[in-house]
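Chemist: Okay, sequence plus prediction incoming.
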Amino acid sequence: MKVIKKISTISGYASGVLIALIWALMIAEVIMRNIFHHPILGCSEICVFIYVSASYFGFSFTQIYKGHITVDLLYTNLKPAGQRALDIISLVLESILFVAFTYCSWKSFATSFAAREIYLAAMRMPVYVLRFAIALGVTIMALQVIADTVETITKKKEVQA
């Protein structure tokens with residue numbers, strides 16, 4: 001569990017670095033466009049690719065800190081045992097969803113890589129690189145959710161013991 005949390009933390013920091021990179025690229029783009037009258041070729045497309053990657057890398061980090069949006073209306077009115085049961089049910093369902101999403105995203109990456117899929121815009125960009133980042137981010141998230149599920153179930157058993 002600690003290894004998965006460490007991977008999720010590294011993934012979260014990578015997400016932060018990617019967001020900083022977008023910031024730096026956009027500032028460079030504004031300077032190049034407005035001062036030197038030479039925009040950076042494909043800067044917008046590159047930033048979109050980086051932004052999507054950063055988003056997926058940030059999923060598992062957010063999961064560690066329970067930062068995803070939840071609806072508390074029902075949850076807060078339950079007793080601790082009911083909250084634990086709801087946590088387990090939602091984590092199991094979330095695990096199933098992310099395992100399926102992991103499978104589909106790796107399949108999408110493999111198809112894109114085999115075809116050498118290219119995004120044609122201001123510059124030719126390999127789509128399979130983006131699909132790889134998505135698959136990796138989703139895989140880390142799936143592992144984190146599974147770890148959270150096991151941890152929640154284990155804590156329940158410890159409380160009962």
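Modeler: Looks like it came in fine.

Chemist: From now on I want contacts and neighbour counts done on CA atoms only, so please keep to that.
Modeler: Noted.

Chemist: roughly how far is the longest helix along the chain from the heart of the chain?
Modeler: In the chain, with assignment by DSSP state H, the single longest helix is helix 80-115. Put simply, helix 80-115 sits 12 Å off its chain's centre (CA atoms, centre = their mean, to the nearest Å).

Chemist: Mind giving me the packing neighbours of that helix?
Modeler: helix 127-160 (3 or more CA pairs under 8 Å, 6 or more residues apart in numbering; DSSP states H and E).

Chemist: Let's see that with 10 Å instead.
Modeler: On a contact count with 3 or more CA pairs under 10 Å, 6 or more residues apart in numbering; DSSP states H and E, helix 80-115 meets helix 72-75, helix 127-160.

Chemist: Deepest-packed of those, please.
Modeler: helix 127-160 (a mean of 19; mean count of other CA atoms under 10 Å).

Chemist: Helix 80-115 and that one, what's the angle between them?
Modeler: On the basis of axes from the mean of the first three to the mean of the last three CA atoms, to 10 degrees, helix 127-160 is oriented at 160 degrees to helix 80-115.

Chemist: so where is this protein shaky, pLDDT-wise?
Modeler: Along the chain, segments meeting pLDDT under 70 span 156-161.

Chemist: Point to the residue nearest the middle of it.
Modeler: Centrality entry for the chain: nearest residue to the mean C-alpha point is Tyr56, 2.3 Å, by CA atoms, centre = their mean.
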